[in-house]
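Enquirer: quick one, structure for this:
(4 chains)
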Number of protein chains: 2
Amino acid sequence: MEHKSITIYDIAKEAQVSSATVSRVIAGNYPVKEETRKKVIDIIHKYDFQPNAVARSLSKKETKMIGFILPDITNSFFSQVFIEAEKYALTKGYTLLLCNSMNNSEMESKYLKILAERQVEGIILMGGRINKALPDVMEVNELSQVMDKMPVLMINGKIDGLDCYSIRTDEAHGIEIIIDHLVSQGHEKIGLIGGIEGITTTDIKVEAYRNALTKYGLPIRDSWQIYSGFDIERGEEAINNLIEVNKEDLPTALIGINDLVIIGALKECRRKKINPFAFVGFDNTDLAKNSNPELTTVSHPYKELGENAIDLLIQPQLNQKKSENKDILMEPYLEVRESCRKIFIEK
Amino acid sequence: MEHKSITIYDIAKEAQVSSATVSRVIAGNYPVKEETRKKVIDIIHKYDFQPNAVARSLSKKETKMIGFILPDITNSFFSQVFIEAEKYALTKGYTLLLCNSMNNSEMESKYLKILAERQVEGIILMGGRINKALPDVMEVNELSQVMDKMPVLMINGKIDGLDCYSIRTDEAHGIEIIIDHLVSQGHEKIGLIGGIEGITTTDIKVEAYRNALTKYGLPIRDSWQIYSGFDIERGEEAINNLIEVNKEDLPTALIGINDLVIIGALKECRRKKINPFAFVGFDNTDLAKNSNPELTTVSHPYKELGENAIDLLIQPQLNQKKSENKDILMEPYLEVRESCRKIFIEK
DNA sequence: TATTGTAAAGAAACCGGTTACATAATAAAA
DNA sequence: TTTTATTATGTAACCGGTTTCTTTACAATA
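Expert: Model (predicted):
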């Protein structure tokens, strides 16, 4: 930064050609005589010259940067998508700009502004707002304003007023997969804990849960489906609630609205020294792999979510032309681990 | 991107002033007549004009971007530092460019190149290489080349040949804190598991462990200090090894080289239905908070690490002038949770 | 009133690339 | 050999800001 950096003009002078030629050699897609090319390349190597991407961006009006806004990278649900997106973007020549909004709409606004100023070519928006009953009006306005300037894509969280691409996990199918598996293991009494009624993810899962039980002709017991919330403490609560309400007639398998809730449930069962359940989580966070026992859980298709998000954003023709379905569902899969092996069932 | 964007010239034309004046109004630190200023500001608001940061960067030769290379953002040890650095950088007007090297030196090189081209104003390098007995010669060369162009700072991982700032947790003191605590809880037989001899972190911790025991006049038993590795499986192994070697004469408290190892140990003890220990981890990853029982662990001073890294990088005078001590230690602290409450000791 | 100083604003160069357009050099065709 | 394509290269404008250097306007001082 401090001392004047070396430019294509320096290279050009030493190679006794014009800067345009140097530029062409670097770009590689223009006709340049092999001899000239060699000469220029040699000097580039000699000085280990690296073209200034800022100048290039200004000139070409393309920054090869994509903004990625998410609530909290510390949460492995988000980081797993992000890292896949990043790896893939790299292969396409794009760099991601990670922005942690901390679920704070002021920070989100701030970042939207920064990203616009920095001329990113698109924005990926993840999470958070799916948990809001009503999306903020300000937010919708702000986002549609942003969408005038660049493509926006949402992962796992569609806002109704917004006509942008949305790509998300087919969570209903996730629940179905779980129940298929549990049934194949001999379970007939299956409960679902966690979540809050009225919030999209929860409602989707609860409905899928009911449908799947119906499909198998299994009993649907309202007292086996307990709303509570989304974190570990809510899982503990749910267990206590479940036991109190059902007394002896408990389910043999429990599905959590997410990993945290089911981990809370596991914990509470351990504390109470009861272990009547097969446990299945949802999300496949790092906690699931490392919990004790290791948690069977539905995994989001992290890789596909990340890669498809990038693809959709950087392929201009796909983005603009046909106004086909902009709502894309990706298939989750079951990660079977020890928390619902038969050994837990027999017990 | 598509349609021509509105520029400072458009604003100038409409306000009937020169572009220089608009620029001055935006910058805010030049004398502009209040009347003119108003006029310009109004038009800026009218169009919701956002100055092009790329053009500004080129002109001012400052990008307000900092590269942050780490092995894997999915690992909460790294993400916790990153997020603190990001939050702080934001308040200073800087944006971080996150680069996941996946512990792959080719990717690291690639990212170093990208960051240089993008004209970042500094690079923070975290983790990974501390686990290598010998740092890659290529890597050292490459890094010192980078250091000619911009400041580089390493967090928790100093490379010997490299004269750059390094900021890291005082891990020796971390171990001391643990032992202070355990002793205060009545423990006298304290073991340490995990790590690999010859790797810096491990050696530092083992030495501190011995010193602390000596300080308290407690027995140092070689068979209570078991090398094994750094992940959950290594923790399980260590327990088996410990039991086999020591038969009945086991320690009453176990320190893990990190959270993963001690979680593995916990798991194996559960499986074997033995629970003679107080368990203490190291790192305070998200696993520690959410494990069962919740894990007492030494926390890195994540916030300070992140913030100081940014400060050191963006304060030019600090960076260049005095070649004072470039090796900075930050103090960790103990996060006491249920895994080593007295109840576990008495049992 | 003439002179000097200061504040406000404009003109133009500059940052380091890209690229449309023009020109020179070379190869192919007449 | 002259004409015509084609390839290779140079010139210069442009991207959208910042900033140095000047000029102009106006107030203060002599």
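Enquirer: next, count neighbours for the closest residue to DNA strand D within chain A.
Expert: Here chain A gets closest to DNA strand D at one residue, A:Pro31, 2.7 Å apart by CB to the nearest atom of the strand. C-beta: built from backbone N, CA, C; applies to glycine. Residues lying near A:Pro31 (other CB atoms under 10 Å in any protein chain shown) number 6.
Enquirer: let's see the pLDDT reported for it.
Expert: Looking at A:Pro31, its pLDDT reads 82.
Enquirer: name the element it belongs to?
Expert: Here A:Pro31, judged by DSSP states H and E, is contained in no helix and no strand.
Enquirer: what does the spatially closest residue to it that is not a sequence neighbour show for phi and psi?
Expert: Using CB to CB, 6 or more residues apart in numbering or on different chains and skipping the chain neighbours, the partner closest in space to A:Pro31 is A:Arg24 (8.0 Å). Backbone geometry at A:Arg24, expressed as degrees, to the nearest 10, gives phi -70, psi -40.
Enquirer: my read: A:Arg24 touches A:Thr36, true?
Expert: No - contact between A:Arg24 and A:Thr36 fails when scored by CB atoms under 8 Å: they sit 9.3 Å apart.
Enquirer: OK, contacts around whichever residue of the stretch 101-250 of chain A sits closest to DNA strand C?
Expert: Taking CB to the nearest atom of the strand, DNA strand C has its nearest neighbour within the stretch 101-250 of chain A at A:Gln119, 13.0 Å off. Neighbouring residues of A:Gln119 by CB atoms under 8 Å, 6 or more residues apart in numbering or on different chains: A:57, A:61, A:63, A:65, B:1, B:52-54.
Enquirer: of the residues you listed, which count as buried by neighbour count?
Expert: For the contacts of A:Gln119, a neighbour count by 16 or more other CB atoms under 10 Å in any protein chain shown gives the buried set as A:57, A:63, A:65, B:52-54.
Enquirer: next, give me the two most distant ones among those.
Expert: Taking every pair in the buried ones among the contacts of A:Gln119 and measuring CB to CB, the maximum separation is 13.3 Å, between A:Met65 and B:Asn52.
Enquirer: list the contacts of A:Gly102.
Expert: One thing to correct before we go on: residue A:102 is Met, not Gly. A:71-72, B:87 are the contacts of A:Met102 under CB under 8 Å, 6+ apart.
Enquirer: for A:Gly256, that is, sorry about that
Expert: With CB under 8 Å, 6+ apart, A:Gly256 has these contacts: A:192-194, A:235, A:262-263, A:265, A:279-282.
Enquirer: tell me which entries of those lie within strands.
Expert: A:192-193, A:279-282 (DSSP state E).
Enquirer: for A:Thr201, state which of the residues you listed is nearest.
Expert: Looking across those and measuring by CB to CB, the closest to A:Thr201 is A:Phe282, at 9.1 Å.
Enquirer: isn't that closest one up against A:Ile255?
Expert: Yes - A:Phe282 is within contact range of A:Ile255, at 7.3 Å (criterion: CB under 8 Å).
Enquirer: shared neighbours, those two?
Expert: With CB under 8 Å, 6+ apart, A:Phe282 and A:Ile255 have common neighbours A:178, A:262.
Enquirer: return the residues of the stretch 51-200 of chain A in contact with DNA strand D.
Expert: Residues of the stretch 51-200 of chain A lying near DNA strand D by CB under 7 Å from any atom of the strand: A:55, A:58-59, A:61.
Enquirer: buried subset of these, written for PyMOL?
Expert: Provided next is the PyMOL selection string for whichever of those are buried by 16+ other CB under 10 Å:
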select buried, chain A and resi 55+58
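Enquirer: the residues of the stretch 51-200 of chain A next to DNA strand D in helices, which ones?
Expert: A:55, A:58-59 (DSSP state H).
Enquirer: so what's A:Leu98 closest to, chain neighbours aside?
Expert: Closest to A:Leu98 by CB to CB, 6+ apart is B:Leu98, at 4.7 Å.
Enquirer: I meant A:Pro251, not that one.
Expert: A:Gly191 (3.7 Å).
Enquirer: show me what counts as buried in the host helix or strand of A:Ile11.
Expert: A:Ile11 belongs to helix A:8-15 when assigned by DSSP H and E. Buried positions in helix A:8-15, judged by neighbour count with 16+ other CB under 10 Å: A:8, A:10-12, A:14-15.
Enquirer: what does stretch A:283-290 give?
Expert: A:283-290.
Enquirer: stretch A:221-230 now?
Expert: For stretch A:221-230, by 16+ other CB under 10 Å, it's A:224-230.
Enquirer: span of that stretch from start to end?
Expert: 21 Å (CA to CA, to the nearest Å).
Enquirer: contacts for that stretch next, please.
Expert: So stretch A:221-230 is contacted by A:131, A:189-197, A:202, A:206, A:209, A:234-235, A:237-238, A:241-242, A:245-246, A:251, A:257-258, A:260-261 (CB under 8 Å, 6+ apart).
Enquirer: all helices for the stretch 101-250 of chain A, in order.
Expert: A:105-117, A:137-149, A:171-184, A:200-215, A:232-246 (DSSP state H, counting those that start in this stretch).
Enquirer: what comes into contact with the second one?
Expert: Going back to what we said before, that points to helix A:137-149. A:105, A:108-109, A:112, A:116, A:123, A:125, A:129, A:152, A:159, A:161-164, B:1, B:5, B:48.
Enquirer: how many other residues sit next to A:Ile193?
Expert: The burial count for A:Ile193: 27, using other CB under 10 Å.
Enquirer: next one: the residue nearest to it when sequence neighbours are not counted relative to A:Gly195, how far apart?
Expert: Distance criterion CB to CB, 6+ apart; nearest residue to A:Ile193, sequence neighbours excluded, is A:Ala238 at 3.9 Å. Applying CB to CB, to the nearest Å, the value for A:Ala238 to A:Gly195 is 10 Å.
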